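> below is the sequence, then the predicted model.
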Protein chains: 2
Amino acid sequence: MEEQEISVKRVYRFGNNSADGNTDMKPLLGGKGANLAEMTRIGLPVPPGFTITTDVCTEYHTLGKEQIKKLLRAEVREGVKFIEEIMGAEYGNMDSPLLLSVRSGARDSMPGMMDTVLDIGLNDEMVEGLSKKSGKPHFAWDSYRRFIQMYGNVVMKVNNYRSGDKDLFEEILEEVKSSKGVETDQELTTEDLKGLVDRYKQAILELTEIEFPQDPVTQIWNSIIAVFESWHTPRAIVYRRLNNIPEEWGTAVNVQAMVYGNMGRSSASGVCFTRDAATGENIFNGEYLIDAQGEDVVAGIRTPHQISLEGSRRWAALAKVSEEERKKSYASLEESMPSLYQELLSIQQNLEDHFRNMQDIEFTIEEGKLWILQTRNGKRTGEAMVRIGIEMLDEGMIDAPTLIKRIDPNKIEELLHPVFDKEELASAVPIAKGLPASPGAASGRIVFYSDDALEWKNKGEQIILVRVETSPEDLAGMDAAEGILTSRGGMTSHAAVVARGMGKCCISGAGALIVDSEKRTMTTDGQVYREGDWISMDGSKGNVYVGRLKTQQADISGNLGRLVELADTHSKMKVHANADTPETADIARKFGAEGIGLCRTEHMFFEGERIKAMREMILADNETGRRAALEKLLPIQRADFEGILETMQGFPVTIRLLDPPLHEFLPQDEASQTDLATTMGIDVDRLIEKIEQLKEINPMLGHRGCRLGNTYPEITEMQARAIIEAAMNLKDKGVKTLPEIMIPLIGSEEEFKMQKDVVTRVTETVFLERKDRIDYKIGTMIEVPRAALTADRIAKHAEFFSFGTNDLTQMTFGFSRDDAAKFLPIYTQNGILEQDPFQILDQDGVGQLVRMGTDKGRLSRHNLVVGICGEHGGEPQSVDFCHHVGMNYVSCSPYRVPIAKLAAAKANLLSYRPS
Amino acid sequence: MEEQEISVKRVYRFGNNSADGNTDMKPLLGGKGANLAEMTRIGLPVPPGFTITTDVCTEYHTLGKEQIKKLLRAEVREGVKFIEEIMGAEYGNMDSPLLLSVRSGARDSMPGMMDTVLDIGLNDEMVEGLSKKSGKPHFAWDSYRRFIQMYGNVVMKVNNYRSGDKDLFEEILEEVKSSKGVETDQELTTEDLKGLVDRYKQAILELTEIEFPQDPVTQIWNSIIAVFESWHTPRAIVYRRLNNIPEEWGTAVNVQAMVYGNMGRSSASGVCFTRDAATGENIFNGEYLIDAQGEDVVAGIRTPHQISLEGSRRWAALAKVSEEERKKSYASLEESMPSLYQELLSIQQNLEDHFRNMQDIEFTIEEGKLWILQTRNGKRTGEAMVRIGIEMLDEGMIDAPTLIKRIDPNKIEELLHPVFDKEELASAVPIAKGLPASPGAASGRIVFYSDDALEWKNKGEQIILVRVETSPEDLAGMDAAEGILTSRGGMTSHAAVVARGMGKCCISGAGALIVDSEKRTMTTDGQVYREGDWISMDGSKGNVYVGRLKTQQADISGNLGRLVELADTHSKMKVHANADTPETADIARKFGAEGIGLCRTEHMFFEGERIKAMREMILADNETGRRAALEKLLPIQRADFEGILETMQGFPVTIRLLDPPLHEFLPQDEASQTDLATTMGIDVDRLIEKIEQLKEINPMLGHRGCRLGNTYPEITEMQARAIIEAAMNLKDKGVKTLPEIMIPLIGSEEEFKMQKDVVTRVTETVFLERKDRIDYKIGTMIEVPRAALTADRIAKHAEFFSFGTNDLTQMTFGFSRDDAAKFLPIYTQNGILEQDPFQILDQDGVGQLVRMGTDKGRLSRHNLVVGICGEHGGEPQSVDFCHHVGMNYVSCSPYRVPIAKLAAAKANLLSYRPS
């Protein structure tokens, strides 16, 4: 034990331009501690202090409090002495009091998860010393009152001794303020504060039966221990589990001299950024307040001033403040403390150059002296992330791999959907809120039925389809609409999934809306909206607005375009898009898709005349009847495929054969049923009976996918013919196509073989008829667990695999997406599931099947092309997994193509250390 | 090539008490060929012949016809000469014609799959020679006509040259008979037959443009080749695939001298058995006909006579034929040909002793000479199988392992369910037919509603519940009924599955029945049956009878009891039963179950008052409301568990917590809904709304299983308390219990942990309350694919696994049992699936997960107890798989326990070669 005390360094000091640690020691010193050391090293004015290592946190949890104090005592004592010397003050000396702060600091930031205690060292004597030395008794007593409050909460945990949600100290503070007839803390007099301190101490004693400790040494030790303890609070444990932070990392503890920005007119506190966090513009900016603590700058009680003169003027213009008024009441730091501003300006440049990233810096000016309290990489919008990255690349600060590795692909999304004009949005008030089911902005006139949607659209109107919830019958209407708004359903409801696929703005589950389709009204807050009324919706936020807000279209020109190009050169995987129409395919191309990974043929059956032929086919009593109806569908499908294949010329287009249960195509309400029966000249009762017969108890596991083609091969024949004839027509026109026929829902080798035989027979017939041939591929979706388990057999016949991870997730978990809303939110809340597996691929379970399917498939066919076409194909964590599994491509919604490309490049760059 | 011709023996001869082959050479000579050789060897009068080996079949498909003829020529020539010498006749010699047969014979019997040609060697000349030599022109011409017909079909494949289903030769035969005004073939005169032969030859020439070959050498070669070819017909390929017979096995070809039982009064043909194939009685029996060919004995045109005198007398008594009439018209072989009978008697004994198994023997007597054509192990009923096995064991003919290995466990089923009295059944005519959904026999009065069933039952009546289809609401009624009859639904419908679980007779999908529950009538064939009418039903055959047939109860005493005991001593796995009530548990014990592997708690909630409390719980708006209702359910559940645990004292009882979606418990029809609303004092609209809310699109993948317990932990708490309190009450009474709490539908480690925490908290509370403890286990069902994939993690917390292969099959295939009827029959018919995976465990796919789950589970917990409780637990092939996976037990319906025990023993005995 003695030996260990000597040999292990547990405390790392920083101050006066030198430090024991540096920025690379984050595992040992935590992020905060390592950066404090680094800043000190490069000569910045950091309040001196020391960091107790993360290893000590681990030791603490093994050895306990007394043992750890014994191990630390000498080093902490020396650390405090080190601070005292630099600050010219003494901890626990009333005449020249030094106050300390204790802050946690884990390797990765765990915002708000762990504890901080400030103003440590104050007691009944020291508060008088501070009063005297600062000449500010109100400041001293307010600091003491704050310290007791923090210490009482963090160290003594007074609120654990009582029930109810309210904080003990806030309660007392409210009482005192109300008895004094004042509204804000600032209005309390020094005497009031003294009384408050007494009441605080009294309350602590009553509740805990322990006196608030007057001994500064006890205070500092207990504060340090409290930080170690905070590593093991339930909320910290849950946070770590959700963020994959190992238990054994532990937190460091930073002990630092207190500095004060609220010591009068020559003191100030502020926050600044080396570049604009909203736009990415390379301009130094930030906010500060004179005679204030750091928390006052962000609290919103006083309006913070801008740091630079330019910033201040910009702000004044927006806030409509005159130059005179600005100078008088909102002067910039550049104006009020010009030399300190210059010092800060040089420090921020220094910091950005040093860390090669945009910095978010906290500073305090104590009686004319500038202190840097913290620096870290600044959070930023997607727009700023892209601009800063590209500009730093151009400035030679970083290289392309560094740039890509720093990108958060999810943030790209903000740049890819239409958005509302910012000014219009600023004044708009939401009339309802729902789930942000599919991002983007849209305005249009309200319609309640799919048919109406088409009618209005044909009249040249922009429309928003409003439904309680949508069904496949609404597809044509959804397609015609600018956006879809539903009062029911979750993030994975029919409306949400289809809209995302279409790249269309959607808000689902806007529960406050009462949609009465029959009356064609939508009511919220007592206000009734009718068919034809204009509304606007922000699918990224879930907000519905009344009226027509202006929108701006997105594109991938400029910085984003350059970033995506860079991603392409650093990726192993290609990115395809899911698209069912030439229009969507065109958008996919514009966003850089190098193929269509999933073209769903069923959506093609919903428009106008087609649905009639489709329904005839479904309702036919025998093969002859089905064939007659399929004859009518053939030219329609062929034209569809020609459109999409022509748009994607030169790129592969994976066309999935008919997948959904047939009853989805049939009308469900009485009126449409009567209508259909009349059109088809059959008895309505017969029709209803047939519809009933087609209903299934678990349609997800029912008569769908290749089970349709294997029971009604004539459907497969028609679709295969339509695809091949389309491709041959285009060949005649000189257009190069790469059609890939994908058989859905395969569960066994035989199932695939039977369908492949049908397709091959048809294509060979067409080749004979045309006296020409084309190349095409035939493969399958892997979406049934059994397909992954027997992938080696299936791959003997299939030329490509595309993982349909939506269905695969449903079957592997046994979760119906349509029904999971009853328990999935509770599961993610309680930590039973770390994340929604329909949004982020479950690597532990579903991922095993994906890996197994890929490996087994390539065992039989080494050049098997493998991709993914579930919703996960555009989700960065899942894309990373796909890269590691060795997929050839991912396919996703057109709007997510750039995101997927960046995720793919990032996965590739992070998967090995470049030489 | 020359060398090969010399060194490889391709033809094996048999005749005159010696043979080149023997019974152990089945792979080379086929089953038939090996046994013909063996019989010849042991001195039996077998028509001489030779066998071309199965290897030649394989060679043929590589080398082709000409090459193979070259390779075979010398040996075949010698083989024919060998036959000629023994028979004293010459192939192709008109004066002393020898005729040959050519028969296929694979290693395993492939009944009806491959081809046979008889009477080979006849042509326009030879038919005259045969006429002269036999003195029977009609016989000779009839043989010639049959030969052309067979040769034309098998070798020349005339029907391939024409469309339509009808056979060319049958068509011509019909024409001739109708032009002659006769009804049977026998009535045709010799002249008619000559005319027929001409027409046959003419038709062949016209169709195929090839003459029917007159050359006997061509005839024999083409016949041999045709048999090789028949190995590759589509039907043979499909048959092999379905029966796992490798392509490369090939078929042997047996060429043999023809012998004739239709050469007059001193000739005969017959079939006999060494023991009674129906009852197993050790008595020689069989049938024969004088002046007849073998096919006449089974054709049913003439009534065959019994072989033994005793058999003949028994038959006469049953057929009500007087002794005088019997002697005159139906004399036994023992009477008509006493010395030949004695010869046959001695031969049959010889054969049974030699093969140590009951033999099925074909013989022909040609003009006073007995020929044995074939012997094989005789097919038998389940009853005969058991009796013969046990008696042979007692006689010292076989040992116990041999006995068990010979048992077909599926056949045991016949012995385990009640059956109708045979005499009554003989005269009963079915009024409807459905699927044999759950075996057994039952009689009762018709009722149409569950409530009525209980009412009638309480009045002491036996009842049959008749429904269109059943739902969980009908459980109480099903339980009260003797049998369940539905007009809709398949082998895996709710009615079928539940009835099998209850061991109750059930017929499902009796489509011809029109069930009108409101009118309380059931109509079939225009006949109306009403509530209270008696019907009887045979669940093993799917027949419904009018009136009340007598039944006999099954037990496992006597031979079956001894067999099951033997099985126990030769098994590695235990057999448990699925049982939800003390009554079923009692039956399970009687059938030898050594535990309850699945006790479903949901069925307990359906009776009388319980369902009300259950519904209150489900419809409660909050936890408080649920807890109030659960309070009422607690004593009821506790009493249930006490009952079942007491019945199973000393044996483990695995109790599964609540599993089905809650809406299954709610009333679905308007009347019951109104009723419930009134009882509960709530608004009926509110009730209907709640029921609607609980409905799910895919309930199988919805809010059920542990998802209920994880969202409403109070349900788990109540059930855990009921189980533990029940066990402790029994402990106080001195009853030893082994309760095992099983959490259903687990998909992740966390899901299990959360439920285990709830259970542990409750049990520890009960232990504290009672100041006592008991042992119990907590484990899970593995029924979600993800559970098998992550079994290593789950097993860290679970003490046992029970594979729920019903649900696991549903999710692994993505097949809903309720809906699969739309495609599963087509899939099994077309060979896409070899068998229904809900009946026989899919080893290739689902089996991978079962094996993975078991192996991974034991990796974390080496002593993990693993079992299966799906319907597969009582299915022999699946039990065999479970043995090989290394399970500790299988659990099945009580009535299948003996079957599972035999399957388990057989799997164990077959899995290694005993020293």
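All right, it came through fine.
> hey, let's count contacts and neighbours off CA atoms from now on
OK.
> how about the residues of chain A near chain B?
By the rule Cα under 8 Å from any Cα of the partner chain, the part of chain A lying against chain B is A:696-703, A:707, A:711, A:747, A:750-751, A:754, A:784-786, A:789-790, A:810-816, A:818-820, A:822-823, A:826, A:831-833, A:844-846, A:848.
> same thing but 6 Å
For chain A, the residues in contact with chain B (Cα under 6 Å from any Cα of the partner chain) are A:696, A:698, A:701-702, A:747, A:750-751, A:785-786, A:789, A:811-816, A:819, A:832, A:845.
> okay, and which of the residues you listed map to helices?
Here DSSP state H is the test, and the residues of chain A next to chain B give A:750-751, A:785-786, A:789, A:811-813 as lying in helices.
> in chain A, what residue lies closest to chain B?
Relative to chain B, the nearest point of chain A is residue A:698 (4.3 Å; Cα to the nearest Cα).
> what's the burial count for the closest residue in space to that residue that isn't next to it in sequence?
Closest residue to residue A:698 apart from its sequence neighbours, by Cα to Cα, 6 or more residues apart in numbering or on different chains: residue B:698 at 4.3 Å. Residue B:698 has 23 neighbours, counted by other Cα atoms under 10 Å in any protein chain shown.
> would you put the C-alpha positions of the helix or strand where residue A:241 lies in PDB?
Element membership for residue A:241 (DSSP states H and E) is helix A:234-242. Extracted in PDB, the C-alpha atoms of helix A:234-242 (Å, rounded to 0.1, in the frame of the first residue of the first chain):
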ATOM      1  CA  PRO A 234     -29.100   5.600 -11.500                       C
ATOM      2  CA  ARG A 235     -29.500   8.400 -14.100                       C
ATOM      3  CA  ALA A 236     -25.700   8.200 -14.800                       C
ATOM      4  CA  ILE A 237     -25.900   4.500 -15.100                       C
ATOM      5  CA  VAL A 238     -28.800   4.600 -17.500                       C
ATOM      6  CA  TYR A 239     -27.100   7.400 -19.500                       C
ATOM      7  CA  ARG A 240     -23.900   5.300 -19.800                       C
ATOM      8  CA  ARG A 241     -25.900   2.200 -20.900                       C
ATOM      9  CA  LEU A 242     -27.700   4.200 -23.600                       C
END
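> the helix-or-strand element of chain A with minimal mean pLDDT: what's the following helix or strand?
None of the helices or strands of chain A scores lower by mean pLDDT, DSSP states H and E than helix A:2-7, at a mean of 51. Under the assignment DSSP H and E, the closest C-terminal helix or strand after helix A:2-7 is strand A:11-15.
> and the contacts of that following strand?
A:19-20, A:37, A:40, A:48-52 (Cα atoms under 6 Å, 6 or more residues apart in numbering or on different chains).
> so what's the residue nearest to residue A:433 when sequence neighbours are not counted up against?
Closest residue to residue A:433 apart from its sequence neighbours, by Cα to Cα, 6+ apart: residue A:543 at 4.8 Å. Contacts for residue A:543 (Cα under 6 Å, 6+ apart) come out as A:430, A:433, A:537.
> let's see that with 7 Å instead.
By Cα atoms under 7 Å, 6 or more residues apart in numbering or on different chains, the residues touching residue A:543 are A:430, A:432-434, A:537.
> was I right about the residue nearest to residue A:698 contacting residue A:816?
Yes. Here residue B:698 reaches residue A:816: they are 6.1 Å apart, a contact under Cα atoms under 7 Å.
> quick one on the thing from earlier: write the PyMOL selection for whichever of the contacts of residue A:543 are buried.
Buried subset of the contacts of residue A:543, written as a PyMOL selection, criterion 16 or more other Cα atoms under 10 Å in any protein chain shown:
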select buried, chain A and resi 432+433+434+537
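> redo the contacts of residue A:543 as CSV? Include pLDDT.
Formatted as CSV, the contacts of residue A:543 follow (pLDDT from 0 to 100):
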residue, pLDDT
A:430, 90
A:432, 91
A:433, 89
A:434, 86
A:537, 94
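> which of the contacts of residue A:543 lies closest to residue B:332?
Ranked by distance to residue B:332 (Cα to Cα), the contacts of residue A:543 are led by residue A:434 at 90.6 Å.
> nearest spatial neighbour of that closest one, chain-adjacent residues omitted?
Here the residue nearest residue A:434, using Cα to Cα, 6+ apart, is residue A:510, at 3.8 Å.
> likewise for residue A:849?
Nearest residue to residue A:849 in three dimensions, chain neighbours excluded: residue A:788, at 5.6 Å (Cα to Cα, 6+ apart).
> surely the one you found and residue A:853 touch.
Yes. In this structure, residue A:788 is within contact of residue A:853 by Cα under 7 Å, at 4.1 Å.
> tell me which of those two has more neighbours.
Taking neighbours as other Cα under 10 Å, residue A:788 and residue A:853 compare with residue A:788 leading, 32 against 26.
> check contacts around that one.
A:782, A:849-850, A:852-853.
> again, only using 8 Å
Shown in contact with residue A:788 (Cα atoms under 8 Å, 6 or more residues apart in numbering or on different chains): A:782, A:849-850, A:852-854.
> identify the bridge partners of the residue nearest to residue A:433.
residue A:433, residue A:538 (DSSP bridges).
> elements contacting the helix or strand harbouring residue A:655?
Assigned by DSSP H and E, residue A:655 belongs to strand A:652-656. Under the contact criterion of 3 or more Cα pairs under 8 Å, 6 or more residues apart in numbering or on different chains; DSSP states H and E, strand A:652-656 touches strand A:596-600, strand A:738-743.
> what sits up against the first one?
Read it as strand A:596-600. By Cα under 8 Å, 6+ apart, strand A:596-600 touches A:576-581, A:585, A:648, A:651-658, A:867-869, A:890-892.
> roughly how far does the spatially closest residue to residue A:869 that is not a sequence neighbour sit from residue A:866?
Spatial nearest neighbour of residue A:869, excluding adjacent residues (Cα to Cα, 6+ apart): residue A:891 at 4.8 Å. Note on residue A:891: its distance to residue A:866, by Cα to Cα, to the nearest Å, is 11 Å.
> of those two, who's got more company?
Comparing residue A:891 with residue A:866 by other Cα under 10 Å, the one with more neighbours is residue A:891, at 31 against 25.
> adjacent strands (with direction) for the helix or strand hosting that one?
Assessed by DSSP H and E, residue A:891 sits inside strand A:889-892. Applying DSSP bridges to the sheet, strand A:889-892 is found paired with strand A:574-578 (parallel), strand A:865-868 (parallel).
> reformat those as CSV; add mean pLDDT.
Putting those into CSV (pLDDT from 0 to 100) gives the following:
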stretch, mean pLDDT
strand A:574-578, 97
strand A:865-868, 98
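> deepest of those strands, which one?
Most buried of these, by mean neighbour count (mean count of other Cα atoms under 10 Å in any protein chain shown): strand A:574-578, with a mean of 31.
> pull the distance from that one to the chain's centre.
Here the centre of strand A:574-578 is set off from its chain's centre by 21 Å, with Cα atoms, centre = their mean, to the nearest Å.
> try stretch A:426-439
With Cα atoms, centre = their mean, you get 18 Å for stretch A:426-439.
> likewise for stretch A:657-674?
Distance of stretch A:657-674 from its chain centroid, counting by Cα atoms, centre = their mean, is 36 Å.
> for stretch A:252-263, same thing?
On Cα atoms, centre = their mean, the centre of stretch A:252-263 falls 33 Å from the chain's centre.
> and for stretch A:35-46?
Distance, centroid of stretch A:35-46 to centroid of chain: 33 Å (Cα atoms, centre = their mean).
> now it: average pLDDT?
Averaging pLDDT along stretch A:35-46 gives 96.
> much appreciated, bye for now.
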